[in-house]
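Asks: Need the 3D shape of this:
(one chain, ligands or ions: 1)
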Amino acid sequence: MNIFKKAEPQTIEVLGEPLKCPVCRNELFWTRRVQLNTSMATFFNLDWANRSATCFVCSNCTHISWFLGDR
Ligand SMILES: [Zn+2]
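Replies: Predicted structure coming up:
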């Protein structure tokens, strides 16, 4: 997980609400934008959609919250 240590974790807002880790209730996350590959997009039935996703990695327990599209 050393690649996540370069940036300071931040609080994230989703639909006007602060994002909290469902595991440890932490509110600080690292943000990563990822391109979904074709097999993943097919798995999620996303062939019609934007194939990028944003993931927020909990700075405490490293649980990843995924959101489709750019945030
Ligand atoms: Zn956590």
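Asks: Quickly note the distance from Thr11 to Lys20.
Replies: 10 Å (C-beta to C-beta, to the nearest Å). All C-beta atoms are positioned from the backbone trio N, CA, C, and that covers glycine.
Asks: any common contacting residues for those two?
Replies: Common contact partners of Thr11 and Lys20 (C-beta atoms under 8 Å, 6 or more residues apart in numbering): Glu27.
Asks: More neighbours: the two, which one.
Replies: Neighbour count, other C-beta atoms under 10 Å: between Thr11 and Lys20, Lys20 has more, with 16 against 11.
Asks: per-residue pLDDT, the closest residue to the more buried one other than its chain neighbours?
Replies: Distances taken as C-beta to C-beta, 6 or more residues apart in numbering put Glu27 closest to Lys20, at 5.5 Å, once the chain neighbours are dropped. pLDDT recorded at Glu27 is 97.
Asks: from memory Glu27 sits against Pro18, does it?
Replies: Yes - using C-beta atoms under 8 Å as the test, Glu27 is close enough to Pro18 to be in contact (5.7 Å).
Asks: Next, name the residue at the spatial heart of the chain.
Replies: Centroid-nearest residue in the chain: Cys55, 1.3 Å away (criterion: C-alpha atoms, centre = their mean).
Asks: Name the residues of the helix or strand hosting that one that are buried.
Replies: Element membership of Cys55, judged by DSSP states H and E, is strand 52-58. Residues of strand 52-58 classed as buried: 53-54, 56-58 (neighbour count, 16 or more other C-beta atoms under 10 Å).
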